[in-house]
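**Q** Test case, fold it:
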Amino acid sequence: MDAETALTGWAEFRIGGELPVRRLGFGTGGLVGPGYWGPRHDAPERSVALLRHAVERGVTLIDTADNYGPDVAEELVARALHPYPAGLVIATKGGVVRTGPDRWHIAGRPEQLRTMCEASLRRLRTDTLDLYQLHRLDPDVPMADQLGALLDLRREGKIRHIGLDSVDAAELTRAREIAPIASVQNRYNLLDRAAEDVLELCEKQGIAFLPWFPLGNGALTGDAGAPLTAVATRHGATTGQIALAWLLHRSPVLLPTPGTGSPAHLDENLAAARIALTGRDLAQLDGLGVA
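**A** Now for the predicted structure:
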């Protein structure tokens, strides 16, 4: 990404080649409690206000999942943003069931995926899900059966685009032989680049890559190491902002969706899109990755 594009802050990517989104979105994992269980706040109005603030600030990609809560995050999205403004893309996920904080179970049988998808449609108050991502491939169900269920839902108009979460390059290649894959959502950040081969494949195929834990689950905020701190100091930025800016520079298919429960932190994250990293900055930051 050149400096001029970075400084405009909102370079776009077209998911599935047709849904334009600004590359820095908002993830709703921060709206639920520890272990992705229950609401984060006793007063849901705080989360509703935060979602509206995100859209007012120019966010056009909201990333959520049926098991955040469970159900809580999707319900908050609908309460805050429905009827959805033109150009707002809602991405959600299905394929796992939670039974308690940090307890979840893969559920990829076709009938389960259909039930989950239709429940998300009801909670989000929409007839079509812009992007429906399979939260995990079920090792006990043939991939063709899982993706076949999503293809059926797509033919019925209930899903516009299909995505995958936490897949390796071989799985992505096999999946693309079965269904058009518009997005991948893998763990990826400045310090964790184990999915580099998946990112490279996404670049070649024009597939959106939504990195989860883009801030390393907090490891890239605060005192995150000398090189990162040095770059942040040069730009008058936080280390978290530099970590997000690095993702935006790293690849045009990367669409970070950091979550938070704080309006001030949301504003801080979005400001990262205005940071133009130099060649010197990138050389220092690129050396931090652990593949």
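**Q** what bits of the protein have low per-residue confidence?
**A** When residues are selected by pLDDT under 70, those of the chain lie in 1-10, 222-225, 290-291.
**Q** can you pull out the strands in it?
**A** Applying DSSP state E to the chain gives strands spanning 12-15, 19-22, 26-27, 61-63, 89-94, 96-100, 103-106, 129-134, 159-165, 181-185, 208-209.
**Q** list the helices and strands the second one packs on?
**A** Counting contacts by 3 or more CB pairs under 8 Å, 6 or more residues apart in numbering; DSSP states H and E, strand 19-22 packs against strand 12-15. No exception for glycine: its C-beta is placed from N, CA and C like everyone else's.
**Q** Buried ones in the strand it packs on, by neighbour count?
**A** For strand 12-15, a neighbour-count test (16 or more other CB atoms under 10 Å) marks 13, 15 as buried.
**Q** Contacts for it, please.
**A** 20-23, 61, 89, 130-131, 161, 182-183, 208, 252-253, 255 (CB atoms under 8 Å, 6 or more residues apart in numbering).
**Q** Name the strands paired with it and say parallel or antiparallel.
**A** Note on strand 12-15: by DSSP bridges, its sheet partners are strand 19-22 (antiparallel).
**Q** contacting residues around the strand it pairs with?
**A** Contacts of strand 19-22 (CB under 8 Å, 6+ apart): 10-15, 58-61, 87, 89, 130-131, 160-161, 255, 273.
**Q** again with stretch 219-237
**A** 189-191, 215-216, 238-243, 245, 271-272, 275, 277, 281, 284-285, 287-288.
**Q** Likewise for stretch 120-131?
**A** 15-16, 19, 66, 71, 74-75, 77-78, 82, 84, 89-92, 94, 117, 132, 157-163, 182-183.
**Q** same question, stretch 203-213
**A** Contacts of stretch 203-213 (CB under 8 Å, 6+ apart): 13, 15-17, 25, 27, 63, 91, 163, 165, 172, 176, 181-189, 192, 198-199, 201-202, 247, 251-257.
**Q** gap between it and the chain center?
**A** What separates the centre of stretch 203-213 from the centre of its chain is 10 Å, taken as CA atoms, centre = their mean, to the nearest Å.
**Q** and the end-to-end length of it?
**A** 20 Å (CA to CA, to the nearest Å).
**Q** Going by neighbour count, which of the contacts of strand 19-22 are buried?
**A** Using 16+ other CB under 10 Å, the buried ones in the contacts of strand 19-22 are 13, 15, 59-61, 89, 130-131, 160-161, 255, 273.
**Q** In those residues, find the pair that's most separated.
**A** 160 and 273 (25.3 Å; CB to CB).
**Q** Now do the same contact list for the closest residue to residue 80 other than its chain neighbours.
**A** Closest residue to residue 80 apart from its sequence neighbours, by CB to CB, 6 or more residues apart in numbering: residue 51 at 3.7 Å. When contacts are counted by CB under 8 Å, 6+ apart, residue 51 touches 26, 28, 31, 62, 76-77, 80-81.
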